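J.: Output the structure for:
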Amino acid sequence: MSMGKCSKCGSSDWKEPRHVRARGITATTVAELNIITCKKCGFTEFYELTEKELEPIKKNENKIWIFVMVIPILIGIAVPAWLVFG
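T.: Residues are numbered from 1 along each chain as shown. Sure thing, here's the model as predicted:
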């Protein structure tokens, strides 16, 4: 199907593909998927992303790590120093 005709109703009117990250039973198993939904009947399928489709997601993931890991560490050092020497 992948953006061709819907398997259920034959329509070719699709919603924009949406990204979802799914985890299996263990936290180490992760699948990067696209959700594709027919606008006419609501039929939905999941497709695994290709390496090319994953590139922009991985770039954004690196930016998120800066906010999640680095900034709290800097704040954790700066606030006590500001209180002591402020």
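J.: Distance of the nearest residue in space to residue 40 that is not next to it in sequence relative to residue 48?
T.: Nearest residue to residue 40 in three dimensions, chain neighbours excluded: residue 11, at 4.0 Å (CB to CB, 6 or more residues apart in numbering). All C-beta spots, glycine's among them, are computed from the backbone N, C-alpha and C. Per CB to CB, to the nearest Å, residue 11 is found 23 Å from residue 48.
J.: Next one: residue 15 from residue 50, what distance?
T.: Residue 15 is 20 Å from residue 50, where distance means CB to CB.
J.: Please apply the same query to residue 6.
T.: Applying CB to CB to residue 6 and residue 50 gives a distance of 22 Å.
J.: The two: who's more crowded?
T.: Each of residue 6 and residue 50 has its neighbours counted (other CB atoms under 10 Å); residue 6 has more, 20 against 10.
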